[in-house]
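Undergrad: sequence below, structure please.
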Amino acid sequence: MRPLLARCQVGRLVSVFGSISASRNKLVTQIVTAPHQRYFRRTMHYQTEERGRPNSTDYRIYFRTSEGIYISPFHDIPLIAETEQDIGVASKKLKRNGSEVLFNMVVEVPRWSNAKLEIATKEPLNPIKQDIKKGKLRFVANIFPHKGYIWNYGALPQTWEDPDHKDDETKCCGDCDPVDVCDIGTKVCSPGQVIQVKVLGILAMIDEGEMDWKVIAINAEDPDAKNLSSIEDVCKSRPGHLEATVDWFRKYKVPDGKSENQFGYNEQFKDKDFAVEIIKSTHEQWRALVEKRKNGGGIACKNISCSKSPFKCSPDETRDVVKLAPAFGNALPVSSEVDKWHFV
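TA: Numbering: from 1, shown residues only. You can find the predicted model right below:
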C-alpha cells in the first residue's frame, strides 16, 4: 500500500465545517406526545421507535429527540458531533476525542448481521428499513470466511452523493445516497444507534458505474480509538483488516449474480485529509438538496431543523407521519438460506 500522509490538524476541520452550526436553526424544544402504542430503544443522544414487524417489508425504525420530537436521521442529526446534543442549547461546541473532531454516524447494520438495513431516502422522515430486491427482503450473503457485515455499517447524516456530481479521478457520479461509513471498532452496535466516530480514511468504491464512497472510521468510545488516528495506524495495528474490507466490497454482490465491484484510485485507501474533503463536498451537495437548489429525484427532504429549507415542517407534521405507520409487532422468521456460506 502506498505511503499515506500524516493526520490532519483540528484547525483544518474546524475551518471546513465551522459554518454548519451557524447555519442550522435550533430544533423545537416542546415535547410531543401521541395516543398510539410505541416500542422505544434509547441511543446515546436520540431515541428510536420501531414500527411494523422485524424481518418484514413494513418494518421501520423512526428517530426522536429526547424531547419526543420525531426527526429525520438524514437531515436533522448534525454531521458534526457536539458537546451537548440536547435540543435548544444556546451555545454548542464541537465534540473532540483528544485532538480529533468527531462526526455523527447513524448505524444501519450491526457487525456480523446480514439484513440490508438502510436509511429510506425516499420516505418521509427517512426511517431505517430493510432493502427490497425483486419483491423480497435483501440479506447480504456470507462470503467465506466472513459472517454478514464485517464492521458496523451506516451513514454520515447531512451528506449526499449527488448523481450529477462527477468525480475527477474516476469520472463516476454519485449514487444518490448519504455517504457510507464502516466503523471498525470492537463494539457491536444496534440499528438506529447514533455514535460519534473518528474518521481515518476513505475507499472509492464504484458500484455499477456509480461513485459509492466508504469512509473508514472508529467509534470514539472504542478502547482502540486512542491508538488509531490514520489509515497507516490501521495497517500497522490490524494487519489484513483493510485488505478484507476491499475483498468484502468487491465480492458481496457476486452471490446475487452480479459482477464484482470496482474501485478508483488504484484500489488504495485515501487518507484522512482526503476523506474530510469528500465529506465537506457531500455535505454541500446535501445542503443544495435540502434547500431545493438541487432536484433530488424523489428524495424525501422533510425536516424540522434546516432553516433555509422549504421542506422544513412542524413537530406536529412529523408526528403525523409516524402515526400512519403500523404498530410494532412480533418478528417474522428468517430463512435458513441467510446462514449459507458462499465461496467466491
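
Undergrad: and the helix or strand where I195 lies, what does it pack onto?
TA: Assigned by DSSP states H and E, I195 belongs to strand 194-207. Judged by 3 or more CB pairs under 8 Å, 6 or more residues apart in numbering; DSSP states H and E, the packing partners of strand 194-207 are strand 103-109, strand 180-183, strand 210-219, helix 231-237, helix 241-251, strand 262-263, helix 272-290. C-beta here means a position set from N, CA and C on the backbone, and glycine is covered the same way.

Undergrad: how about the fifth one as PDB, C-alpha atoms only?
TA: Read that as helix 241-251. The C-alpha trace of helix 241-251 is given here as PDB (Å, rounded to 0.1, in the frame of the first residue of the first chain):
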ATOM      1  CA  HIS A 241      -8.300  -5.600   8.000                       C
ATOM      2  CA  LEU A 242      -8.200  -3.100   5.200                       C
ATOM      3  CA  GLU A 243      -7.500  -5.900   2.700                       C
ATOM      4  CA  ALA A 244     -10.500  -7.800   4.000                       C
ATOM      5  CA  THR A 245     -12.600  -4.700   3.600                       C
ATOM      6  CA  VAL A 246     -11.700  -4.300  -0.100                       C
ATOM      7  CA  ASP A 247     -12.300  -8.000  -0.700                       C
ATOM      8  CA  TRP A 248     -15.700  -7.900   1.000                       C
ATOM      9  CA  PHE A 249     -16.900  -4.900  -1.000                       C
ATOM     10  CA  ARG A 250     -15.500  -6.500  -4.200                       C
ATOM     11  CA  LYS A 251     -17.400  -9.700  -3.800                       C
END
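
Undergrad: quick check: mean pLDDT of that helix?
TA: Average pLDDT, helix 241-251: 97.

Undergrad: doesn't I299 make contact with F311?
TA: No: judged on CB atoms under 8 Å, F311 makes no contact with I299 at a distance of 9.9 Å.

Undergrad: adding distance to A331, write the helices and strands packed on strand 194-207 out as CSV.
TA: Listed next are the helices and strands packed on strand 194-207 as CSV, based on distance: least, CB to CB, whole Å:
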stretch, distance to A331
strand 103-109, 16
strand 180-183, 25
strand 210-219, 26
helix 231-237, 35
helix 241-251, 26
strand 262-263, 36
helix 272-290, 33
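
Undergrad: residues contacting K258?
TA: By CB atoms under 8 Å, 6 or more residues apart in numbering, the contact set of K258 is E208.

Undergrad: now it: how far from R250?
TA: Distance, K258 to R250, by CB to CB, to the nearest Å: 11 Å.

Undergrad: done for today, thanks.
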